[in-house]
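Undergrad: Kindly return the folded structure for what I paste below:
(one chain, ligands or ions: 1)
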Amino acid sequence: MAVKVAIGSDHAGFELKTAIRAELEARGHTVIDCGPFTAGHCDYPDAARDVARLVSNKNCDRGVLVCGTGIGMAIAANKFRGVRAAVCWDADSAKLARQHNDANVLCLGGRVVDADPGVKMLGIFLETAQSRDERHRRRLEKVAKIDAAERKA
Ligand code: RB5
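TA: Model prediction:
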């Protein structure tokens with residue numbers, strides 16, 4: 001099923017974002033590229049904000065963010081209501097991020113992940129469904145309650 005995916009990076013993730021974009025387009029998905037569009041230095045919170053906002057507002061089904069490690073992107077993206085951004089580093093982490101955490105934003109590290117495994121993780125992230133297991137749903141409901149109760153803005 002074709003989905004709408006917002007993507008973004010900083011300079012450290014630019015190359016992998018370019019490969020991610022090509023893969024998404026080859027698979028027939030709609031891509032909203034929040035930039036950057038050149039490899040020059042830039043700040044990861046800018047793309048994290050734009051991608052996470054699109055996912056939070058349900059204007060996109062999923063997001064993909066790439067910085068040096070994926071960590072800064074995840075920290076920033078998870079400030080947005082309803083965003084579950086997960087740093088993934090291999091096929092298993094990408095699969096479990098979907099099954100157990102219903103992650104809706106994939107965060108990758110361009111300095112720690114090569115293009116081929118990065119693109120493989122993308123495929124797993126898009127194709128894996130959330131687990132129907134009650135215990136994972138219960139835990140996600142608890143996360144949503146924290147989100148609603150503790151968020152100030
Ligand atoms: C940029 O040098 C680097 O700090 C950034 O890409 C990212 O890894 C932060 O989490």
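Undergrad: mind listing what's buried in the longest helix belonging to the chain?
TA: The residue-count maximum for a helix in the chain (DSSP state H) belongs to helix 134-150. Neighbour-count burial for helix 134-150, counted by 16 or more other Cβ atoms under 10 Å, picks out 136, 140. Any C-beta I mention is one placed from the backbone N, CA and C, and that applies to glycine too.
Undergrad: List of residues touching that helix?
TA: 81-82, 84, 99-102, 130-131 (Cβ atoms under 8 Å, 6 or more residues apart in numbering).
Undergrad: which of those residues tops the neighbour count?
TA: Arg84 (20 neighbours; other Cβ atoms under 10 Å).
Undergrad: how many other residues sit next to the closest residue in space to that one that isn't next to it in sequence?
TA: Leaving aside its sequence neighbours, Arg84 sits nearest to Ala103 (Cβ to Cβ, 6 or more residues apart in numbering; 4.9 Å). By other Cβ under 10 Å, the residues close to Ala103 number 25.
Undergrad: Could you measure from Ala103 over to Cys34?
TA: In this structure, Ala103 and Cys34 are 18 Å apart, going by Cβ to Cβ, to the nearest Å.
Undergrad: same deal with Val83?
TA: From Val83 over to Cys34 (counting by Cβ to Cβ), the distance is 14 Å.
Undergrad: Then Leu16?
TA: Distance, Leu16 to Cys34, using Cβ to Cβ: 15 Å.
Undergrad: Could you do Gly13 as well?
TA: 12 Å.
Undergrad: Neighbour count: those two, which is higher?
TA: Between Gly13 and Cys34, counting by other Cβ under 10 Å, Gly13 is the more crowded of the two (31 against 23).
Undergrad: Would you point out the helix or strand in this protein whose mean pLDDT is lowest?
TA: helix 134-150 (a mean of 96; mean pLDDT, DSSP states H and E).
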